[in-house]
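Participant: Just need the structure, nothing else, for what follows:
(one chain, ligands or ions: 1)
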Amino acid sequence: MFQKLKPPKEGEKIEFVAGKLMVPDNPIIPFFKGDGIGLDVVPAAIKVLERAAELIGKSITWFEIYAGEEAYKLYGNHLPEDTLNAIREFRVALKGPLTTPVGGGYRSLNVTIRQVLDLYANVRPIYYLRGVPSPVKEPEKVNFVIFRENTEDVYAGIEWQRGGKETLKLIEILEKEFGTKIRRDSGIGIKIISEFATKRLVRLAIKFAIENKRRSITLVHKGNIMKFTEGAFRDWGYEVAKQEFGEFCITEDELISKFEGKNPEGKIVVKDRLADNMFQQIILRSEEYDVIALPNLNGDYLSDAAAALVGGLGIAPGSDIGDGIAVFEPIHGSAPKYAGQNKVNPSAQILSGALMFEWLGWKKASEMIKKAVEMTIQQKTVTYDLHRQIGGKIVGTMEFAEEVIKNLETL
Ligand code: NAP
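Facilitator: The predicted model follows:
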């Protein structure tokens, strides 16, 4: 199955049987460091995760796989089949950031991983850890989870360069067949939003809301302008809620007309907001949002903006989820200027691991990690980025992880 990788002999595989994840006490978990600061933050996160697993009586057998520059050196390919096969086979990976060239070069490896493995939802919890500097007055009110569609929209990578043969042909066809006027010096990208991809995303978001006793789900879109893509996203989202989760969901209209604005116990309110409005909503009225589902491009923007409310990129974890398969990664990129300096904040990578533990069903260990990171920041033993804002004792990436482990031991 593998060209160059040798899977570990110890540990057991996570299985997915009849739609359910079966996680052994000693799972094999593939990981790759990726590029830039991935080489600093991934080893630091692994140390913390290993200890947290031990503390709840589990053990992880790590399986190193490769993507990005390291993979290129080994395979002559930035994203070898070996890596994708390992994630398919073992169903999970802890991922470091990957560098993406702008405007040319190879295609985004991040986008490719999501598409090839059909990791259709990018899930990012946005919650506040006490002690983290925030630009808002009441950051503790921020607590929502963003479900961003991961495979479609203008990010599907269906695009053509200005002046190319295909581009000019497409312009011609559109003009001849549909009377659409497009300047001949244009580059072209296609925006696709399907009923299938929208419904499976919203389905996942509603299931999450039910399982985690969340109170509302907000469909975010620009359907006023892009009616047949973004507008359809909204309509299909409401359809799933009504047709598949009717007993759990009520609409915002029903909330007002039938329940006098008071959400009855056990119900999830389904509402929608325009994307531009949503950017101010999450700042001014964040407590009104709980689970948020949205298409790819706006999801990308909104989730970074949301991360800023609770401390920014160094802190924010993320995940890419499919059916019985998932990859966990920080929101931040490879920040090449800091690579290999043992300087940057590993919290986002550590908290991505905590998110992975939740997915594995190891909720206790996940909570312990969040708590230990919070304690470390409150003790003001922090990396340069937080030190710049809150002062205290400045430490390197690995030393920060060691402080987190010390705090874990006290829980
Ligand atoms: P970035 O790598 O996230 O870095 C931007 C800035 O954010 C850094 O200069 C630093 O700010 C701060 N930062 C990021 N991670 C941090 C950490 N762990 N601790 C402390 N501060 C941190 O974004 P970028 O410079 O736009 O992108 C660099 C490369 O990463 C690009 O090739 C991009 O395509 C790629 N990227 C990959 C992913 C992914 O793999 N999922 C995601 C985003 C971007 P200061 O310099 O102000 O301290």
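Participant: For the helix or strand of the chain with the lowest mean pLDDT, buried residues please.
Facilitator: One helix or strand of the chain scores below all others by mean pLDDT, DSSP states H and E: helix 109-116, with a mean of 90. Judged by neighbour count (16 or more other C-beta atoms under 10 Å), helix 109-116 contains these buried residues: 109, 110, 111, 112, 113, 114, 115. Just so you know, the C-beta spots here come from the backbone N, C-alpha and C atoms, and that holds for glycine as well.
Participant: Let me know the closest of those to the ligand.
Facilitator: residue 110 (4.6 Å; C-beta to the nearest ligand atom).
Participant: Once you drop chain neighbours, what's closest to the closest one?
Facilitator: The shortest distance from residue 110 to any non-neighbouring residue, by C-beta to C-beta, 6 or more residues apart in numbering, is to residue 98 (5.7 Å).
Participant: So which of the buried residues of helix 109-116 would count as near the ligand as well?
Facilitator: Taking C-beta under 6 Å from any ligand atom as the test, the ligand is in contact with residue 110 out of these.
Participant: Out of the buried residues of helix 109-116, the closest to residue 44 would be?
Facilitator: Here the nearest of these to residue 44, counting by C-beta to C-beta, is residue 110; it sits at 20.8 Å.
Participant: now the closest one: how far from residue 41?
Facilitator: 16 Å (C-beta to C-beta, to the nearest Å).
Participant: Contact partners for residue 12?
Facilitator: The contact partners of residue 12, by C-beta atoms under 8 Å, 6 or more residues apart in numbering, come to 24, 26, 27, 28.
Participant: Which among those count as buried?
Facilitator: 27, 28.
Participant: Which ones among the contacts of residue 12 lie within helices?
Facilitator: Among these, no member is found in helices (DSSP state H).
Participant: Can I get the contacts of residue 12 in a markdown table including distance to the ligand and pLDDT?
Facilitator: Output for the contacts of residue 12, formatted as a markdown table (distance: C-beta to the nearest ligand atom, whole Å; pLDDT from 0 to 100):
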| residue | distance to the ligand | pLDDT |
| --- | --- | --- |
| 24 | 28 | 98 |
| 26 | 28 | 97 |
| 27 | 23 | 98 |
| 28 | 23 | 98 |
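Participant: Would you mark the buried spots in stretch 150-167?
Facilitator: For stretch 150-167, by 16+ other C-beta under 10 Å, it's 150, 151, 152, 153, 154, 155, 156, 160, 167.
Participant: So what touches that stretch?
Facilitator: Looking at stretch 150-167 with C-beta under 8 Å, 6+ apart, the contacting residues turn out to be 107, 111, 114-115, 118-122, 170, 185-194, 197, 229, 295-297, 300, 320.
Participant: what about 7 Å?
Facilitator: 107, 111, 114-115, 118-122, 170, 185-194, 197, 295-297, 320 (C-beta atoms under 7 Å, 6 or more residues apart in numbering).
Participant: What is the end-to-end distance of it?
Facilitator: Chord length of stretch 150-167, first to last residue, is 25 Å (C-alpha to C-alpha, to the nearest Å).
Participant: circling back: relative to residue 334, which of the contacts of residue 12 is nearest.
Facilitator: So of these, ranked by how close each gets to residue 334 (C-beta to C-beta), first place is residue 28, at 25.7 Å.
Participant: thinking again about what came up before, just the contacts of stretch 150-167: which are in strands?
Facilitator: Using DSSP state E, 121, 122, 188, 189, 320 are the members of the contacts of stretch 150-167 that sit in strands.
Participant: give the contact list for the fourth one.
Facilitator: Applying C-beta under 7 Å, 6+ apart to residue 189 gives the contacts 154, 158, 159.
Participant: how about 10 Å then?
Facilitator: 153, 154, 155, 156, 157, 158, 159, 160 (C-beta atoms under 10 Å, 6 or more residues apart in numbering).
Participant: Where does residue 9 sit: helix, strand or coil?
Facilitator: coil (DSSP: H, G, I helix; E, B strand; the rest coil).
Participant: quick one: the nearest residue to residue 315 once chain neighbours are set aside and residue 316, what's the gap?
Facilitator: Once flanking residues are discounted, residue 315 sits nearest to residue 347: 5.0 Å by C-beta to C-beta, 6+ apart. Remark: distance between residue 347 and residue 316 (C-beta to C-beta) = 9 Å.
Participant: Quick check: neighbours shared by those two?
Facilitator: Both residue 347 and residue 316 are in contact with residue 330, where contact means C-beta under 10 Å, 6+ apart.
Participant: who has more neighbours, those two?
Facilitator: A direct count of neighbours by other C-beta atoms under 10 Å for residue 347 and residue 316 places residue 347 higher, at 35 against 25.
Participant: circling back to that earlier point, residue 317 is in contact with the residue nearest to residue 315, correct?
Facilitator: Yes. Judged on C-beta atoms under 10 Å, residue 347 makes contact with residue 317 at a distance of 8.4 Å.
Participant: my read: residue 341 touches residue 398, true?
Facilitator: No. Checked against C-beta under 10 Å, the pair residue 341 and residue 398 is beyond contact range at 11.3 Å.
Participant: Give me the common contacts of these two.
Facilitator: Common neighbours of residue 341 and residue 398 (C-beta under 10 Å, 6+ apart) are residue 40.
Participant: looking at this, residue 125 is in a helix?
Facilitator: No. Secondary structure of residue 125 (three-state DSSP): strand, not part of a helix.
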